[in-house]
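**Student:** give the three-dimensional model of this entry:
(one chain, ligands or ions: 1)
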Amino acid sequence: MFVLVNLKAYAADAVGIATTAREVSEESGVRIAVAPQAARLAAVADTGVETWAQHVSPVEHGSHTGSTLAEAAAMAGADGTLINHSERRLRLADIDGALDAAERAELETIVCANNPAQVGAAAALGPDAVAVEPPELIGGDVSVSQADPDIVEDAVAAAEAVDDSVDVLCGAGISSGEDLDAAGELGAEGVLLASGVAKADDPRAALADLVEPLS
Ligand SMILES: O=C(CO)COP(=O)(O)O
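**Tutor:** Here you go, the predicted model:
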């Protein structure tokens, strides 16, 4: 299972969480990545943790003020990027353009989607993975894998029907090892989570609890 910790724009200690994530990953053998704000990519990558951008813009080098250039994210140390997160939605053509940009910069890609139909459409664009995150469960206490198991299973089926080489992750409300276990049982290859770690009093304990069933 792949665990991607999205720090969003939370007032979290990005470098502290990244360092902890690297240590917990090494101790447990579980693949854990951290997605900080674009301006903190280099600081997070310097900790040695697998580092992901939260977004890249569908642009090439040129006159694109305020964009997040995929090449710049890669130079800062990003290994991959989220695209079309629920809080950073893109139009279809821009998802396609952002995937092209990420591919040019050799970033691994996860395209986020609200539901299984969108997962199928996202899988058709050829990302490395897709992630289903029901917006109404994001930031809540109940995990998608417990509250809406069907949506995870349907997302796995939708992606498989289009391209079985595209992995499916799920996210929203994931905070415990039990949630992670349930996601895996439903066919997900990994989870995206944010508040469960970024807002935790003890991010190390939160991450350790999360990966416990896998270690
Ligand atoms: O949006 C998410 C991860 O990208 C999920 O957020 P929460 O883990 O806070 O529900």
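
**Student:** spell out which residues of the protein are next to the ligand.
**Tutor:** By the rule CB under 6 Å from any ligand atom, the part of the chain lying against the ligand is 6, 85, 133, 138-139, 171-174, 192-196. Bear in mind the C-beta positions are built from the backbone N, C-alpha and C, glycine included.

**Student:** just give me the closest of the residues you listed to C112.
**Tutor:** Top of the list for closeness to C112, among these and by CB to CB, is H85 at 4.8 Å.

**Student:** just to revisit the earlier point, just the buried ones from the residues of the chain next to the ligand?
**Tutor:** Burial by neighbour count, judged by 16 or more other CB atoms under 10 Å, picks out 6, 85, 133, 138, 171-174, 192-196 from the residues of the chain next to the ligand.

**Student:** show me which helix or strand of the protein is least confident by mean pLDDT.
**Tutor:** helix 144-147 (a mean of 91; mean pLDDT, DSSP states H and E).

**Student:** what about the next helix or strand along the chain from it, average pLDDT?
**Tutor:** Where DSSP states H and E defines the elements, the next helix or strand beyond helix 144-147 is helix 149-162. Averaging pLDDT along helix 149-162 gives 97.

**Student:** buried stuff in helix 149-162?
**Tutor:** 149, 151-156, 158-160, 162.

**Student:** that older thread, what's the farthest-apart pair in the residues of the chain next to the ligand?
**Tutor:** Longest span within the residues of the chain next to the ligand, CB to CB: H85 and G196, 16.3 Å.

**Student:** now the buried residues of helix 149-162 as JSON lines including distance to T47?
**Tutor:** Listed next are the buried residues of helix 149-162 as JSON lines, based on distance: CB to CB, whole Å:
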{"residue": "P149", "distance to T47": "34"}
{"residue": "I151", "distance to T47": "33"}
{"residue": "V152", "distance to T47": "31"}
{"residue": "E153", "distance to T47": "35"}
{"residue": "D154", "distance to T47": "37"}
{"residue": "A155", "distance to T47": "31"}
{"residue": "V156", "distance to T47": "32"}
{"residue": "A158", "distance to T47": "35"}
{"residue": "A159", "distance to T47": "32"}
{"residue": "E160", "distance to T47": "35"}
{"residue": "V162", "distance to T47": "36"}
